[in-house]
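Peer 1: Sequence and predicted structure are below.
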Protein chains: 2
Amino acid sequence: MSVLEAAPPRPPLPVTVVDELRALFGSRLHLGQAMRHQHGCSEAHFEPRLPDAVIFAHSTDEVVAIVQICVPASIPIIPFGAGTSIEGNTLPVRGGISVDLSEMTEIVEVNADDLDCTVQAGVRREQLNEHLRNMGLFFPIDPGANATIGGMAATRASGTNAVRYGTMREAVLSLKVVTPDGRVIRTARRARKSAAGFDLTRLYVGSEGTLGIITEVTLRLFGIPEAISSAVCSFETLAGAVDTVVQSIQLGIPLARVEILDDVQMKAVNAWSNLDYPELTTLFFEFHGSPTYVKEQVETVSELAAANGGGEFRWSNLPEERSKLWKARHEAYYAAVNMRPGATGWATDVCVPISRLAECISETKQDLQKASVPATILGHVGDGNFHVVFSLDPHSPDELAEAGAINARLVRRALLMDGTCTGEHGIGLGKQDWLVEELGDAVEIMRTLKRALDPHDLFNPGKIFAL
Amino acid sequence: MSVLEAAPPRPPLPVTVVDELRALFGSRLHLGQAMRHQHGCSEAHFEPRLPDAVIFAHSTDEVVAIVQICVPASIPIIPFGAGTSIEGNTLPVRGGISVDLSEMTEIVEVNADDLDCTVQAGVRREQLNEHLRNMGLFFPIDPGANATIGGMAATRASGTNAVRYGTMREAVLSLKVVTPDGRVIRTARRARKSAAGFDLTRLYVGSEGTLGIITEVTLRLFGIPEAISSAVCSFETLAGAVDTVVQSIQLGIPLARVEILDDVQMKAVNAWSNLDYPELTTLFFEFHGSPTYVKEQVETVSELAAANGGGEFRWSNLPEERSKLWKARHEAYYAAVNMRPGATGWATDVCVPISRLAECISETKQDLQKASVPATILGHVGDGNFHVVFSLDPHSPDELAEAGAINARLVRRALLMDGTCTGEHGIGLGKQDWLVEELGDAVEIMRTLKRALDPHDLFNPGKIFAL
């Protein structure tokens, strides 16, 4: 039985609760249909599930106040950031309060000498990088969407730079969290490493709001590299592109970014971003380092690409050219979805050991070639992570079913290769059965942790697993 | 009240339990004083606390059997590896069974193309690296001692290479764990990244055996670099040495290793390893990469060192010279303890944001200069992590008290700088009060997790915190 089917009819918010919340939040408490709908939809194919109310919180203390009012009244609390998650992670399947943190946009401190910063959960990654640029620093985690840092932490997001700089698992040094019992905890100090007790930071990173609400995040930063070079290279075959990446990784080349886009995706990108790339399987590369070191990396990777049927590298060394290139990559999801006007997107998300990547992508490509729904392949191949993006007729149950069947085969294929059902999108609503297939009894340990920290199942209930 | 004081008198092991265990383990069940003493002592200054029995387990299934026999009988279970931890992490403070995993030495698989391997918990890091060498691979985490991989995971160990390659937090891809309810779970698949549910891998890494027993570990590996260069450089001042490191890190130089040894430590190293280094504050460096890139790193760091009062770099480019250099570093702890024959060691372990490192080490050095007990400073300065090693008369309560007072001032100094009370040794018995000072209410969340997963407090009870 899915979470959606299990949702019982629920009573309206008690008047006393509404009065208490209105007294504290005034016009930042929203009960109207439009705002609730905005917080009850997702970018993906899930049915809308509306919260009973939306509150824009402005501080950790305000989040504590919401918890103190809602928990005794058994009202679910669902944290909300930019709403860019794609496994239904923020949908209020049992109603309750959508706590919108997107107005908590303070950059609390930047410790340039320590290469770290602390931000409120609602800061978006582009805002942070604009703030850091003049200090010669950057925050590398880049899931494509201009997500909030809190949401990225809660989803254990990653994206294009993860192959070099890690995911939110590695990027987060410490979190401020409001727990279900209304405490405010800080999960760690700012030291680069620590062996002080259980790793609560990592427990909360990826917990999707089910164990508490992240209100502040302390992040590792990096110096902007002296030299940055980006390039695009087309390949005769999909296997040739993947092998180039795998061989580079095995040689220890510290690729800063390496993205694969298949022929269908390149066609969509050309159309969406008005570009003229060859419509073949393509790798988007970025190299970081000193000028000498970047040159050396480029030479090695160019040789590998040529040996694997790659064409010429098209270089973008100027910042504005690079921005254009990566903007095209970042908009690839929207380009894919909009291959058909008015379509709905569905992005799958598997990650496999890199030795199995060529095989996994090739079999998936064969499956897509037999399908009737349009779909592209793109992904962060350096990590073994890739997505199929479907462009679905929102009114066709048949298309949704077909995409579902392809996704099921894809996930099972990845699991058979000792991979994961989600590299970076999280479990949300969409991957709950697969989580159990992937990790078996370990999911029972997760349930035990959830029951211990959120005994009344009020924090983003019904996500990751049904209790 | 400390854990030691709180330990109640306890009954002997029930005869039925002994009979059951003997039927399964035969001569691998040890009840004699000598073996119990060996598992009830530590390398540090803690009083011996003997287990009631020692069992050498040979498989995950055998660990499950021990759990199934001991948990219903309320008998504590304490995992034991190489016994090289130094915060009393493996001392059976409430008796019970010391489960020695050091004979679980199978290297289960090496996936060279994926740069990972799976080993049983009792494999030691030197055994693993000998096994990997001919494949051109290595496992970088190096805490000095030839610890077991299971123990290193349980302690969240790190050491000399962490500045470049991370700690056990980053090195572990997945764990096989026997949980207190007798389940065997695998915490993750082999994919490089995953957003599939709570990060149980990171929860167990650093849990010190309090949440279950790690029996297998899947690790990230790295290719042996094309070029490796090691060097030793003496400095006029401690601040000059630290500043060289901090500036290198801030410039993004990927130092593979950078270790500081103060003048007293260098004197001890010369005496212990029969060497002739200048007895000044010294940095031990290692650089990894392509020949060109190593050369570039070396040039930059040499310039920084010279500007900070560093002398000539003494190079060790041949493998046997490098081994000699790092052997001296690895034996630094023993060299420091043995400044006085028959002395007992006490290694402290703080880690601070690198911008505060020079100040933290300098103030500590001043404190040591006023002390009557001999002590050295050494550490993994690239991470902001350093140790004071005391050489204590084991029969002098006054010396122990003096070292304790210096350690207390050191930890408080580190916490005031937003650092941690332990960079890599764990909490064990020695840092429990400091853990609370460091993380406050977050420790209550840890206690809740412990109670949920080990409700009868039988897995390494009394460690990290008293329940």
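Peer 2: Yep, it's here. Residues are numbered from 1 along each chain as shown, chains lettered A, B, ... in the order given.
Peer 1: Could you pull up the mean pLDDT of stretch A:447-458?
Peer 2: Per-residue confidence for stretch A:447-458 averages out to 98 on the pLDDT scale.
Peer 1: Also stretch A:305-317?
Peer 2: Averaging pLDDT along stretch A:305-317 gives 93.
Peer 1: distance between the ends of that stretch?
Peer 2: Across its full length, stretch A:305-317 reaches 19 Å end to end, with CA to CA, to the nearest Å as the criterion.
Peer 1: ok, residues contacting that stretch?
Peer 2: Contacts of stretch A:305-317 with the rest of the structure, by CB atoms under 8 Å, 6 or more residues apart in numbering or on different chains, involve A:228-237, A:240-241, A:243-244, A:247, A:277-278, A:283, A:285, A:298, A:302, A:322, A:324-325. All C-beta spots, glycine's among them, are computed from the backbone N, C-alpha and C.
Peer 1: same thing with stretch A:428-444?
Peer 2: Among residues not part of stretch A:428-444, those counted as contacts by CB under 8 Å, 6+ apart are A:2-4, A:44, A:46, A:85-89, A:91, A:93, A:208, A:411-412, A:415, A:420-422, A:425, A:427, A:462-466, B:183-189, B:196-197, B:200.
Peer 1: buried subset of these?
Peer 2: Burial by neighbour count, judged by 16 or more other CB atoms under 10 Å in any protein chain shown, picks out A:3, A:44, A:46, A:85-89, A:91, A:93, A:208, A:411, A:415, A:420-422, A:425, A:427, A:462-465, B:183-189, B:196-197, B:200 from these.
Peer 1: Just the ones of these in strands?
Peer 2: Counting by DSSP state E, the members of those that fall within strands are B:184-186.
Peer 1: From the residues you listed, pick the one nearest chain A.
Peer 2: residue B:185 (4.1 Å; CB to the nearest CB).
Peer 1: pLDDT wise, what is the closest one at?
Peer 2: The predicted local distance difference test score for residue B:185 is 98.
Peer 1: what does residue A:275 give?
Peer 2: Confidence per residue is given as pLDDT, and for residue A:275 that number is 92.
Peer 1: Residue A:6 now?
Peer 2: 44.
Peer 1: Just confirm residue A:147 contacts residue A:154, I think it does.
Peer 2: No - counting by CB atoms under 8 Å, residue A:147 stays clear of residue A:154, with 9.9 Å between them.
Peer 1: Need the overlap of contacts for the two.
Peer 2: Common neighbours of residue A:147 and residue A:154 are listed as residue A:81 (criterion: CB under 8 Å, 6+ apart).
Peer 1: higher neighbour count, these two?
Peer 2: Higher neighbour count among residue A:147 and residue A:154: residue A:154, with 32 against 24, using other CB atoms under 10 Å in any protein chain shown.
Peer 1: Show me what the one helix or strand the more buried one maps to is packed up against.
Peer 2: For residue A:154, the host element (DSSP states H and E) is helix A:149-155. Helices and strands touching helix A:149-155, by 3 or more CB pairs under 8 Å, 6 or more residues apart in numbering or on different chains; DSSP states H and E, are strand A:77-80, helix A:125-133, helix A:168-171, strand A:213-220.
Peer 1: Give me the contact list for it.
Peer 2: Among residues not part of helix A:149-155, those counted as contacts by CB under 8 Å, 6+ apart are A:79, A:81-82, A:84-85, A:89, A:101, A:104, A:119-125, A:128, A:141, A:143, A:147, A:157, A:168, A:172, A:175, A:204-209, A:214-215, A:217, A:219, A:424-426, B:195.
Peer 1: Tell me the strands beside the helix or strand encompassing residue A:110, with direction?
Peer 2: Secondary-structure assignment from DSSP H and E places residue A:110 in strand A:107-111. The pairing partners recorded for strand A:107-111 under DSSP bridges are strand A:116-120 (antiparallel).
Peer 1: pLDDT of the strand it pairs with, averaged?
Peer 2: Confidence for strand A:116-120, expressed as mean pLDDT, is 98.
Peer 1: Repeat that for stretch A:91-110.
Peer 2: Here the average pLDDT along stretch A:91-110 is 98.
Peer 1: so how far is it from its chain's centroid?
Peer 2: Per CA atoms, centre = their mean, to the nearest Å, the displacement of stretch A:91-110 from the mean C-alpha position of its chain is 16 Å.
Peer 1: Dump it to PDB, restricted to CA.
Peer 2: Output in PDB follows, covering the C-alpha atoms of stretch A:91-110 (Å, rounded to 0.1, in the frame of the first residue of the first chain):
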ATOM      1  CA  LEU A  91       4.500  17.200  -0.600                       C
ATOM      2  CA  PRO A  92       2.300  17.300   2.500                       C
ATOM      3  CA  VAL A  93       0.700  13.800   2.100                       C
ATOM      4  CA  ARG A  94      -1.000  14.100   5.500                       C
ATOM      5  CA  GLY A  95      -1.600  17.800   5.400                       C
ATOM      6  CA  GLY A  96      -0.300  20.000   8.200                       C
ATOM      7  CA  ILE A  97       2.000  23.100   8.000                       C
ATOM      8  CA  SER A  98       4.400  23.700   5.100                       C
ATOM      9  CA  VAL A  99       7.200  25.600   6.900                       C
ATOM     10  CA  ASP A 100       8.700  27.700   4.100                       C
ATOM     11  CA  LEU A 101      12.300  28.700   4.900                       C
ATOM     12  CA  SER A 102      13.000  30.500   1.700                       C
ATOM     13  CA  GLU A 103      13.000  33.900   3.400                       C
ATOM     14  CA  MET A 104      15.700  32.800   5.800                       C
ATOM     15  CA  THR A 105      18.400  34.200   3.500                       C
ATOM     16  CA  GLU A 106      21.000  35.500   5.800                       C
ATOM     17  CA  ILE A 107      24.700  34.600   5.100                       C
ATOM     18  CA  VAL A 108      25.600  34.400   8.800                       C
ATOM     19  CA  GLU A 109      29.300  34.400   8.500                       C
ATOM     20  CA  VAL A 110      32.100  33.600   6.000                       C
END
